[in-house]
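Asks: coords below, sequence missing:
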């Protein structure tokens with residue numbers, strides 16, 4: 001039986017307003033009248049995360065899509081305070097006002113390049129939940145940590161940073177396991193490696209009170225040619241996609257490859 005797949009696209013620092021509008025037009029055109037139309041919202045939950053400058057264009061473009069055929073709108077980051085003297089930051093209420101229902105937090109690029117700590121990321125997650133915005137919580141190990149057999153130690157530390165949250169709050173988070181060494185490198189974890197990490201994550205989160213119905217995505221060079229094998233793993237509920245999400249065709253091909261749709 002085909003399971004529900006969460007297909008989330010992180011556009012990173014790409015896509016102008018006009019490119020965003022073109023994406024939505026192409027996305028709706030490919031979904032309308034195809035088997036994807038029936039899947040949207042039931043067997044397939046699609047979401048895109050444009051840069052801040054393209055969020056308004058995405059929100060406007062979504063209104064031109066047939067009902068139920070536009071992807072969910074999310075942002076790539078947010079600050080934890082609702083307003084104030086934080087030059088260059090964007091608040092969660094601002095994202096909510098522009099139409100975002102989801103936000104990516106803790107992406108490895110935020111952790112590694114911008115120095116965000118486990119503590120700060122956990123605070124952001126809590127702030128998002130208070131604003132009723134779904135956090136997409138990213139976590140994962142570096143190549144050095146994997147080769148040093150520290151993968152599970154790293155995942156434990158990153159996930160346990162959320163331990164102050166209630167069981168209900170843990171259940172509202174979308175978790176995205178992204179091994180740092182597989183992001184933007186063309187390398188991908190094997191299906192066995194991704195499955196092992198996602199199984200471990202669900203077990204640990206269950207111990208923290210998160211329940212059994214948690215959603216855990218895999219991210220790291222997911223493409224149409226490896227999507228079926230990865231998404232067929234029972235502990236992997238979907239994919240957080242980078243470069244392949246910049247075009248509606250390659251983005252949707254990931255789900256088509258899994259579901260066997262031509």
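Replies: Cool, the structure landed. Computed from a predicted model, the values in this text were never measured in an experiment. Numbering: from 1, shown residues only.

Asks: measure residue 213 to residue 138 for me?
Replies: 20 Å (CB to CB, to the nearest Å). Yep, even glycine has a C-beta here, placed from its N, CA and C like the rest.

Asks: and the residue nearest to residue 232 when sequence neighbours are not counted, how far is that from residue 213?
Replies: Distance criterion CB to CB, 6 or more residues apart in numbering; nearest residue to residue 232, sequence neighbours excluded, is residue 258 at 7.0 Å. Distance, residue 258 to residue 213, by CB to CB: 20 Å.

Asks: So between these two, which is more surrounded?
Replies: Remark: of residue 258 and residue 213, residue 258 carries more neighbours, 23 against 8, as counted by other CB atoms under 10 Å.

Asks: contacting residues for the more buried one?
Replies: Taking CB atoms under 8 Å, 6 or more residues apart in numbering as the criterion, residue 258 is in contact with 2, 5, 227-228, 231-232.

Asks: can we see that at 7 Å?
Replies: 5, 227-228, 231-232 (CB atoms under 7 Å, 6 or more residues apart in numbering).

Asks: May I see the ChimeraX selection of the buried members of those residues?
Replies: What follows is the ChimeraX syntax for the buried subset of those, where burial is set by 16 or more other CB atoms under 10 Å:
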select :5,227,231
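
Asks: what's the pLDDT at the residue nearest to residue 232?
Replies: At residue 258, the predicted lDDT confidence score is 95.

Asks: How much space separates it from residue 13?
Replies: In terms of CB to CB, residue 258 sits 28 Å off from residue 13.

Asks: how about residue 153, phi and psi?
Replies: As for residue 153, its main-chain torsions (degrees, to the nearest 10) stand at phi -60, psi -40.

Asks: gap between the nearest residue to it once chain neighbours are set aside and residue 20?
Replies: Spatially, and ignoring its direct neighbours in sequence, residue 153 is nearest to residue 145 (7.8 Å; CB to CB, 6+ apart). Per CB to CB, residue 145 is found 35 Å from residue 20.
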